[in-house]
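Q: Coordinates only, no sequence provided:
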């Protein structure tokens, strides 16, 4: 199977150079000093990254046709949706290690830089496999359907970064200190270089992103076989992951049905790959279906949150039922 691509060497080099320049500008100029990222700053940067992706999408459509533009947009939407699940895991990791708010941006920056490298390798390998072995498409499709089913039926559980085998191997074999030393990943202690907890946090972020990449990259190959579009849509989506993290960190508990939506999206794109030789679902229909699934999940989550917020406080409910007596015997109100 031939994998047609619009990505000439000049395009690949030019795009990668642009991404590296944007990252250097971000860390070297706008976030030179470690500081907590507030809601307004996160909103501004989220708008910047989405705007850059939209501009690239328009250029892609104008230069190579609307079909390519739709492929990029669909891949970007899938990766952006899956990134929200990343954010939930990142929150748990930062909480488990009690990372100071001022250092979170630095960890996410280098975590995403590592993710760019890992995903580029994944995409090149995936494209090569699809080109040489047509049956790999069915493996990817079945994997996505199974992953979607597991995500749909899995129970919520706590994350335990200390159980990560890479973390345990690192903590056992690498000299480290237990306390943070500003935004530094390593410090000198008694003449030798030792790791700070921030480096361990970075390792957990990298390994968790590696797991998510195994799901997200085959999902984008379901909508396009062009490695350049898979790469660019993936990279643009995760470039905005840091700002989206700070934007959504305080409201993640309101996305109650997001996992259901993500599970259905993965199952849909997996089915699309499995049916490719029987019926090729048009890219426009794919985009509309994915958008409808995610919009429904978000709307249902918003409605549930509104009902929960509108419910009277537990103390008021108990006082009403008990004739105003017994504040000491109140029970938590069951969420609506």
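A: Sure, I can see it. It should be emphasised that the depicted structure is a prediction, and the values quoted were computed from it without experimental measurement.
Q: Could you check the pLDDT of the most centrally placed residue in the chain?
A: Taking Cα atoms, centre = their mean, the centroid of the chain lies closest to residue 83, which sits 1.8 Å from it. According to the prediction, residue 83 has pLDDT 75.
Q: same question, residue 315
A: Per-residue confidence for residue 315 comes out at a pLDDT of 52.
Q: Okay, now the unreliable bits of the stretch 201-336 of the chain?
A: The stretch 201-336 of the chain contains residues with pLDDT under 70 at 215, 249-254, 309-336.
Q: run the last query once more with 50
A: For the stretch 201-336 of the chain, the stretches with pLDDT under 50 are 316-336.
Q: on that earlier part again, give me the number of residues near the residue nearest to the residue nearest to the centre of the chain when sequence neighbours are not counted?
A: Using Cβ to Cβ, 6 or more residues apart in numbering and skipping the chain neighbours, the partner closest in space to residue 83 is residue 241 (5.2 Å). Heads up, the C-betas are built off the backbone N, CA and C, glycines and all. Around residue 241 sit 22 other residues, with neighbours defined as other Cβ atoms under 10 Å.
Q: Would you double-check that residue 181 falls in a helix?
A: No - with DSSP: H, G, I helix; E, B strand; the rest coil as the criterion, residue 181 is assigned coil and is not in a helix.
Q: give me phi/psi at it?
A: Backbone dihedrals for residue 181, given as degrees, to the nearest 10, come out at phi -120, psi 70.
Q: contacting residues for it?
A: By Cβ atoms under 8 Å, 6 or more residues apart in numbering, the residues touching residue 181 are 187, 196.
Q: surely residue 273 meets residue 140?
A: Yes - at 5.6 Å, residue 273 and residue 140 qualify as touching, with contact defined as Cβ atoms under 8 Å.
Q: For these two, list the residues in contact with both.
A: Residues within reach of residue 273 and of residue 140 at once, by Cβ under 8 Å, 6+ apart, are 218, 221, 222.
Q: Now do stretch 52-62: everything it contacts.
A: With contact meaning Cβ under 8 Å, 6+ apart, stretch 52-62 is reached by 22, 68-70, 72-73, 76, 229, 232, 236-237, 239-240.
Q: From the residues you listed, list the buried ones, please.
A: Among the contacts of stretch 52-62, those classed as buried by 16 or more other Cβ atoms under 10 Å are 68, 69, 70, 72, 73, 76, 229, 232, 236, 237, 239, 240.
Q: Mind putting the contacts of stretch 52-62 into a markdown table with distance to residue 89 and secondary structure?
A: Compiled in a markdown table, the contacts of stretch 52-62 are given as follows (distance: Cβ to Cβ, whole Å; DSSP: H, G, I helix; E, B strand; the rest coil):
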| residue | distance to residue 89 | secondary structure |
| --- | --- | --- |
| 22 | 25 | helix |
| 68 | 32 | helix |
| 69 | 31 | helix |
| 70 | 30 | helix |
| 72 | 26 | helix |
| 73 | 26 | helix |
| 76 | 21 | helix |
| 229 | 26 | helix |
| 232 | 24 | helix |
| 236 | 21 | helix |
| 237 | 16 | helix |
| 239 | 18 | helix |
| 240 | 17 | coil |
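Q: Tell me the one of the residues you listed nearest residue 11?
A: residue 232 (9.0 Å; Cβ to Cβ).
Q: what about the strands in the stretch 151-300 of the chain?
A: Shown for the stretch 151-300 of the chain, the strands assigned by DSSP state E, counting those that start in this stretch span residues 186-189, 192-195.
Q: any chance of the ones you listed in a markdown table, plus mean neighbour count?
A: Conversion of the strands of the stretch 151-300 of the chain to a markdown table gives the following (neighbours: other Cβ atoms under 10 Å):
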| stretch | mean neighbour count |
| --- | --- |
| strand 186-189 | 14 |
| strand 192-195 | 13 |
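Q: Turn the ones you listed into a markdown table, columns for mean pLDDT and distance to residue 285.
A: Shown next, in a markdown table, are these (pLDDT from 0 to 100; distance: least, Cβ to Cβ, whole Å):
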| stretch | mean pLDDT | distance to residue 285 |
| --- | --- | --- |
| strand 186-189 | 83 | 51 |
| strand 192-195 | 82 | 50 |
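Q: Select, out of those, the one closest to residue 125.
A: With distances scored as Cβ to Cβ, the stretch of these nearest to residue 125 is strand 192-195 (30.1 Å).
Q: helices or strands up against that closest one?
A: Helices and strands touching strand 192-195, as assessed by 3 or more Cβ pairs under 8 Å, 6 or more residues apart in numbering; DSSP states H and E, comprise strand 186-189.
Q: What strands line up against the strand it packs on, and which way round?
A: Sheet pairing here is set by DSSP bridges, and for strand 186-189 it gives strand 192-195 (antiparallel).
Q: re the thing from before, want to throw the strands of the stretch 151-300 of the chain into CSV with distance to residue 112?
A: What follows is the strands of the stretch 151-300 of the chain, written out as CSV (distance: least, Cβ to Cβ, whole Å):
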stretch, distance to residue 112
strand 186-189, 20
strand 192-195, 20
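Q: Relative to residue 261, which of those is closest?
A: Checking those against residue 261 by Cβ to Cβ gives strand 192-195 as the closest, at 38.2 Å.
Q: what does that closest one contact?
A: Taking contacts as Cβ under 8 Å, 6+ apart, the residues outside strand 192-195 that touch it are 170, 174, 175, 176, 177, 185, 186, 187, 188.
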